[in-house]
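Asker: Quick one: sequence plus predicted model below, questions after.
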Amino acid sequence: MTTVLAPVGGEAVGLAAVPDPVFSAGMVGLGTAIDPLRGPGAAVAPIAGKIVKMHPHAYVVVGDDGKGVLVHLGIDTVQLRGEGFRALAAEGDRVRAGQPVVAWDPAVIEAGGRSPVCPVVALDAVSGSLTGLAVGDVRVGDALFRWE
């Protein structure tokens with residue numbers, strides 16, 4: 001079992017609350033989403049492993065068990081071409097769960113007319129494999145869900 005940590009603090013709202021049908025309909029995969037606290041901070045690694053994809057607005061960490069978790073910082077933030085994000089780790093780096101990966105400010109994303117909501121997706125997870133999904137307030141590093 002893998003415990004996936006909250007990469008950002010805020011309110012766990014579920015994927016259905018993500019204002020993007022690709023995420024809200026579960027097309028990317030199973031998981032949840034966090035409406036982040038507004039203000040500067042860092043998004044952290046949700047699990048220990050290797051960063052296999054790193055974009056300023058999104059990253060994927062794959063654990064030694066092969067499970068990969070996508071963290072997407074805001075919606076339509078790819079359009080910002082990295083503006084407002086600062087990588088604190090690089091593709092190929094090994095990270096520990098809770099290690100800062102990207103510095104960003106959700107308030108700036110929101111001020112630019114985009115949603116700062118952060119989907120956290122268990123890539124290739126099968127139905128019923130996620131348990132204990134957090135609801136409501138979460139702090140950075142809290143257990144967000146378990147992946148059987």
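Answerer: Structure received.

Asker: ranges for the helices of the protein?
Answerer: With DSSP state H as the criterion, the chain has helices at 21-24, 106-111.

Asker: Can you tell me which of those helices is most buried?
Answerer: Most buried of the helices of the chain by mean neighbour count (mean count of other Cβ atoms under 10 Å) is helix 106-111; its value is a mean of 19. All C-beta spots, glycine's among them, are computed from the backbone N, C-alpha and C.

Asker: What's the mean pLDDT across that one?
Answerer: On average, the pLDDT along helix 106-111 is 94.

Asker: what residue ranges in this structure score low on pLDDT?
Answerer: For the chain, no stretch is flagged by pLDDT under 70.

Asker: Would you check how far apart residue 121 and residue 133 are?
Answerer: 12 Å (Cβ to Cβ, to the nearest Å).

Asker: Which one's more surrounded, those two?
Answerer: When residue 121 and residue 133 are compared for neighbours, residue 121 comes out ahead with 24 against 16, by other Cβ atoms under 10 Å.

Asker: List the contacts of the more buried one.
Answerer: 15, 23, 28, 29, 30, 31, 69, 70, 72 (Cβ atoms under 8 Å, 6 or more residues apart in numbering).

Asker: so what's the residue nearest the centre of the chain closest to, chain neighbours aside?
Answerer: By Cα atoms, centre = their mean, the chain has its centre lying nearest to residue 71, at 2.5 Å. Using Cβ to Cβ, 6 or more residues apart in numbering and skipping the chain neighbours, the partner closest in space to residue 71 is residue 7 (4.6 Å).

Asker: any idea how far the one you found is from residue 58?
Answerer: For residue 7 relative to residue 58 (Cβ to Cβ), the value is 11 Å.

Asker: on that earlier part again, what would the helices of the chain look like in a markdown table with distance to residue 86?
Answerer: Output for these, formatted as a markdown table (distance: least, Cβ to Cβ, whole Å):
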| stretch | distance to residue 86 |
| --- | --- |
| helix 21-24 | 24 |
| helix 106-111 | 12 |
